[in-house]
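Undergrad: Need a 3D model of the following:
(2 chains)
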There are 2 protein chains.
Amino acid sequence: MTTHETMPGTQGPTESVAATDAPALPQVGGNLTTAPPDLVKRFWKYEEALMADDLPTLDALFIDDETTLRADGAGVLLGSDEIRRFRRGRGGAAQRHIASVQAVPVSDTAWLTVGESLTVAGGRGVQTQLWRHDPEQGWRIATAHITGPAVVLDRSIWREAGAPLVAPTSSGPLDGMTVAVKDLFAVAGHRIGAGIPEYLETAAVEPDHATAVAHLLANGASVTGIAQTDQFAYSIAGRNAHYGTPPNPARRGSISGGSSSGPASAVALGQVDIGLASDTGGSIRVPASYQGLWGLRTTHGAVSKNGTLPLAPSFDTIGWITRDASTLRRAAAASLPENGRHTLPETIEFVVDRTLVEQSDPDVVEAFDWYLTGLGRGATEVSLDAGHPSPAQAFPATYYEAFRVVQAAEAWASHGTWITEHPDAVIGDVAERFADAALMSRAQHREAREILDEARARWEHVLEGRVLLLPSVASVAPESDAPDEHIQAVRTATLAMTCVAGILGRPALSVPALETKGGPVGLCLVGPQYADLALVDLGENIANRQMNQEHLAARGFGAREQRTTLTGV
Amino acid sequence: MTTHETMPGTQGPTESVAATDAPALPQVGGNLTTAPPDLVKRFWKYEEALMADDLPTLDALFIDDETTLRADGAGVLLGSDEIRRFRRGRGGAAQRHIASVQAVPVSDTAWLTVGESLTVAGGRGVQTQLWRHDPEQGWRIATAHITGPAVVLDRSIWREAGAPLVAPTSSGPLDGMTVAVKDLFAVAGHRIGAGIPEYLETAAVEPDHATAVAHLLANGASVTGIAQTDQFAYSIAGRNAHYGTPPNPARRGSISGGSSSGPASAVALGQVDIGLASDTGGSIRVPASYQGLWGLRTTHGAVSKNGTLPLAPSFDTIGWITRDASTLRRAAAASLPENGRHTLPETIEFVVDRTLVEQSDPDVVEAFDWYLTGLGRGATEVSLDAGHPSPAQAFPATYYEAFRVVQAAEAWASHGTWITEHPDAVIGDVAERFADAALMSRAQHREAREILDEARARWEHVLEGRVLLLPSVASVAPESDAPDEHIQAVRTATLAMTCVAGILGRPALSVPALETKGGPVGLCLVGPQYADLALVDLGENIANRQMNQEHLAARGFGAREQRTTLTGV
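TA: Presented below is the predicted three-dimensional model:
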């Protein structure tokens, strides 16, 4: 397609990148030929390198500078380092042909090109490139903006979607609101896929809505679609190997968090108002925390699990993920029984267990402490594990280990038979977790259960009616391409903190209040049982309070505060 | 949010557009403040005008020039006239806040800004603007590129979609191919919506796949989703008032064509390989023609209509829309019975009826004649209506009128009861058509049926085993915002041509071969009954032949030829 005939160069040397002529592609409506010949060569060189995923050439064709930028629907990458990193993680661009190019002269040393491309698969894209010339390097790209072809639906977020998929069954306080249902809930007329294509194939069509789905529909909400989950919800990463990792718009290139990965990303992207989700070990709090969202894990048993697929019934709870407290409150109010709504005292006491908080990364601890100070009201330090009969046992590691054993035993009881019959259906780290679960003995399970029962009683005694504060997770969202060992380490550190609410059966709210330099982290409020709605009100109050300006200024960045305002909802 | 404090202007007068300061929005990571103050004012002025849909101000902030351009995922608008027209048809932009701006100095009189925006609904967008300064007009936009927030799915195209919605039931020649199923076909476990939300609500879940769906699944294809149709398929425009008009990527701002609007746009956008559709009066040929696609209306009765919603059973047929002949052939081969595949003679004779061709707009006639000449093989002129017993009757108007009456009577027989019971469910021009249909007398229906039966026999005698050539439609796709009367006039002219295949029960192939200055038009091949596959082969042969270069050059534009190649499939 290309020839190497020499064209007269008029704009300086091009030695650093071998120049080629334009491939024999038509220029439908284009005027690229009005551009300097050396720029035209570079333009086609870039296209050729892009199609070949020739990273050194692509790198060389972008100006090596911290102001170089590349923008697309996921946001702006600033500086050639960030762009290089993105390029290495992308795994090549979709094959495309240039259908037309508009070339706009800006100055002697700057041209802008706007190319329309047709992808081989049939879609259409547009890219704007600002080219700058310098005598040493010739023409290179200073800024690029890419709009890719429209996809039907992002299958890393959605397993199925409609316009809407299910209409409201009645009018109510959720009128006009849209819901992403995690693929563990029955939606009448549809199947449950649980994040596993083979499970979906073998599943029967559900005759009725899960109770939690029916609550939302009866209050005016519509179901936009069924959103992705980690396989059988047995992960908090959101890296579903079958369907891909959903985007995390709060921290580009990082994992979404799981297992309620699809509902969380759909909410974060503004595609729906409410994510209907479940939380066993942190499956609502983790993605909410990673993506700067509100998330509520309800009191164990407060919302019926009828019509949902279990993971570990002793800990499984229903909940919601939203962009704002008011929507979360409405979803919760539509779903929680009216006769079990405990209130909180007006001057509720906060308590903090330092050992628990310090399971987190130092930057998370710092953000938590800074926020707590800014609250301008005290928090009582407690030792949750005080009064332990054998203090040699480590807190919280002992309890996380007992939680892990009970969760595994129950998960195997829920899905072991199916997994045995479909040995290749579940893959990756979730498969390894089930393989471990299969080996769990009854004695191990019983012993772990006893540890948790004892702990629960003791912890309740320490907490009384007070609200425990801690970071929702141990770290900001790890990068999507992090090695499995890193994801596993993050999982262990986070579950040591999140399992506390599961062991207690208490409601836990993640408020998008903390901000580290690496991204958002949730502030977790673990409240008394059945105080779910009061906990949301409390979270909203502390998020809306005016923080002391000096306190804000002293930290130097309070971007999360501002961003929350910016979403305008 | 804005103040009118005067800032020192350093870059020339700004009288033509009243300047305002930046609203009190945070600049997360931005550096807009490094730009010239007058440019900063203009930037915010633009945002303010965009949010208010203040068209005069928006117009004034773009350079008034034929090189000014605006690009987004749908393509490039070139020149301020086109941009103004787009702006007037858009009905305002989604409400958004600017979250960050990167400002890039290019020269003394040119800056580039890249803004990240958060829409009020929660999504994220990016826009690049090239600003140029002149002493008279100050800073104005020379080029703009916009990427809007990602939507779940485009509901003008899709009623429901999955990842996939239905997996293949077997392996075969369609392995890896994806299908958009028009919302008139049963997909097991889903309901038929027929383009009418109220119909969807009252529909039962289908227990089995329609035969035409099952054929594709059994040959390796998966169903991506259920795509939109005009209400009960009773239109050829594709302007579904409930779900919106799908985009026509071949002619931006124009209608998609209908009634198989969703499958056609999904194919044109590269979202699927195959559109499974139906054609009563032109519902496959019209959208294929408007969008530069291949479309086959099969021989009446050749593919079972089991599991599909009828419109007018005397004319209803199954067919497919694709981007290339090879995929169309594979879909047809997977679906047509093996024992009824008639061949065509190697030197098939083409026939043309000038009266029929000249139902089209002059530019379509010109493109048709030019193409025919370029084919380098003769076409025999025939008069389809030769031997008519009462030659005073107009051809083809008389037959279109009879077709219209029979279609209406049958449509009412199919859906009259449901429409009577749901008086507000069907809206717009389709409702008017059904209202007319309700008044059709038995005598009218019988008389029209007799006219068609007589015509069919006579036309078959004229055509014999030959292939009739004509433009697929009477005009290029009308603009989406055209008045109803214009759409109705286009409908009448086109149906006068398309109804011929319906009356004959013959297969009709639309080949994306003609190109007018206003956009693509299909070349229609009406072949003998049961020669469906041979007709696709014939269409592929004539589309692939090398057209004489002098002939191409003489016309000055053969872009359609090139574009077909460009899709690379």
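
Undergrad: Name all residues that make contact with the closest residue to residue A:202 other than its chain neighbours.
TA: In this structure, residue A:202 finds its nearest non-sequential neighbour in residue A:422, 7.5 Å apart by Cβ to Cβ, 6 or more residues apart in numbering or on different chains. Backbone N, C-alpha and C define where each C-beta goes, glycine included. Residues near residue A:422 by Cβ atoms under 8 Å, 6 or more residues apart in numbering or on different chains: A:198, A:199, A:202.

Undergrad: Could you give the separation of the lengthiest helix in chain A from the chain centroid?
TA: Ranked by residue count under DSSP state H, the longest helix found in chain A is helix A:397-421. Averaging C-alpha positions (Cα atoms, centre = their mean, to the nearest Å) puts helix A:397-421 24 Å from its chain's average.

Undergrad: who does that helix touch, helix- and strand-wise?
TA: Contact here means 3 or more Cβ pairs under 8 Å, 6 or more residues apart in numbering or on different chains; DSSP states H and E; on that basis helix A:397-421 packs against helix A:428-438, helix A:442-463, helix A:484-504.

Undergrad: distance of the residue in the stretch 301-450 of chain A that chain B sits nearest to from residue A:245?
TA: Nearest to chain B in the stretch 301-450 of chain A, going by Cβ to the nearest Cβ, is residue A:323, at a distance of 5.5 Å. Here residue A:323 is placed at a distance of 21 Å from residue A:245 (Cβ to Cβ, to the nearest Å).

Undergrad: Spatially, what comes nearest to residue A:492 if we skip its sequence neighbours?
TA: The shortest distance from residue A:492 to any non-neighbouring residue, by Cβ to Cβ, 6+ apart, is to residue A:400 (7.4 Å).

Undergrad: got the contact list for the one you found?
TA: Neighbours of residue A:400 in contact, by Cβ under 8 Å, 6+ apart: A:492, A:495, A:496, A:499.

Undergrad: where does it land on pLDDT?
TA: If you check residue A:400, the pLDDT there is 96.

Undergrad: In contact with the nearest residue in space to residue A:491 that is not next to it in sequence, which residues?
TA: Nearest non-adjacent residue to residue A:491, counting by Cβ to Cβ, 6+ apart: residue A:236, 5.7 Å away. Residue A:236 sits next to A:230, A:257, A:258, A:259, A:281, A:282, A:283, A:286, A:491, A:494, A:495, A:498 when contact means Cβ under 8 Å, 6+ apart.

Undergrad: from the contacts of residue A:422, which single one is nearest residue B:37?
TA: Taking Cβ to Cβ as the measure, residue B:37 lies nearest residue A:199 of the contacts of residue A:422, at 60.2 Å.

Undergrad: what's the neighbour count on that closest one?
TA: Counted with other Cβ atoms under 10 Å in any protein chain shown, the neighbours of residue A:199 add up to 23.

Undergrad: By mean pLDDT, which helix or strand of chain A comes out lowest?
TA: Across the helices and strands of chain A, mean pLDDT, DSSP states H and E gives its lowest value to helix A:559-566, namely a mean of 35.

Undergrad: Using the three-state scheme, assign residue A:92.
TA: coil (DSSP: H, G, I helix; E, B strand; the rest coil).

Undergrad: For residue A:370, grab the count of nearby residues.
TA: Around residue A:370 there are 17 residues (other Cβ under 10 Å).

Undergrad: Secondary structure element for it, which one?
TA: Assigned by DSSP states H and E, residue A:370 falls within helix A:362-375.

Undergrad: Show me the contact partners of that helix.
TA: Among residues not part of helix A:362-375, those counted as contacts by Cβ under 8 Å, 6+ apart are A:352, A:357-358, A:360, A:379, A:469-471, A:473-476, A:513-518, A:521, A:523, A:542, A:545, A:547-548, A:551-552, A:555.

Undergrad: Put the alpha carbons of it into CSV.
TA: Extracted in CSV, the C-alpha atoms of helix A:362-375 (Å, rounded to 0.1, in the frame of the first residue of the first chain):
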residue,chain,number,x,y,z
PRO,A,362,-0.3,5.7,55.1
ASP,A,363,-1.9,8.2,52.6
VAL,A,364,-5.3,6.8,53.4
VAL,A,365,-4.7,7.1,57.1
GLU,A,366,-3.5,10.6,56.6
ALA,A,367,-6.6,11.6,54.6
PHE,A,368,-8.9,9.9,57.2
ASP,A,369,-7.2,11.7,60.1
TRP,A,370,-7.3,15.0,58.3
TYR,A,371,-11.0,14.6,57.6
LEU,A,372,-11.8,13.6,61.1
THR,A,373,-10.0,16.7,62.5
GLY,A,374,-11.8,18.9,60.1
LEU,A,375,-15.2,17.5,61.3
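
Undergrad: All set now, cheers.
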